[in-house]
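Participant: need coordinates for the following:
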Amino acid sequence: MNRHKDYPTDREIRHLQQCLDNGILLAQKRLVSRAVREGFTLIACPRGTVIEVDPKTIVF
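Facilitator: Below you'll find the predicted structure:
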């Protein structure tokens, strides 16, 4: 009998979350590299306050 799986396992969820986290980190690194290369600043909003950030100060 073919058993249909409705819900992912905890392991599958952790794997998917890790893949998403890796993709977000890669996108952030590329954005920072581009900002350094092209000479623009980044905008962030930590704790609800909008600030301008020099990309050279960002550490991963």
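Participant: where does pLDDT dip in this structure?
Facilitator: For the chain, applying pLDDT under 70 flags the ranges 1-2.
Participant: taking the centroid of it, which residue is nearest it?
Facilitator: By C-alpha atoms, centre = their mean, the chain has its centre lying nearest to Ile24, at 2.2 Å.
Participant: give the buried residues for stretch 23-38.
Facilitator: Neighbour-count burial for stretch 23-38 flags Val32, Ala35 (criterion: 16 or more other C-beta atoms under 10 Å). In this view, the C-beta of every residue, glycine as well, is placed from N, C-alpha and C.
Participant: centre of the chain to it, how far?
Facilitator: Between the centre of stretch 23-38 and the centre of its host chain there is 10 Å, according to C-alpha atoms, centre = their mean, to the nearest Å.
Participant: could you export that stretch as CSV, CA atoms only?
Facilitator: Extracted C-alpha coordinates of stretch 23-38, given in CSV (Å, rounded to 0.1, in the frame of the first residue of the first chain):
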residue,chain,number,x,y,z
GLY,A,23,20.1,31.6,0.9
ILE,A,24,19.3,34.7,2.9
LEU,A,25,22.9,34.9,4.2
LEU,A,26,24.3,34.6,0.6
ALA,A,27,21.9,37.4,-0.6
GLN,A,28,23.0,39.6,2.3
LYS,A,29,26.7,39.0,1.6
ARG,A,30,26.2,39.8,-2.1
LEU,A,31,24.3,43.0,-1.2
VAL,A,32,27.0,44.2,1.1
SER,A,33,29.7,43.4,-1.5
ARG,A,34,27.8,45.3,-4.1
ALA,A,35,27.4,48.3,-1.8
VAL,A,36,31.1,48.3,-1.1
ARG,A,37,32.0,48.0,-4.8
GLU,A,38,29.6,50.6,-6.0
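Participant: what's that stretch in contact with?
Facilitator: Thr41, Leu42, Pro55, Lys56, Ile58, Phe60 (C-beta atoms under 8 Å, 6 or more residues apart in numbering).
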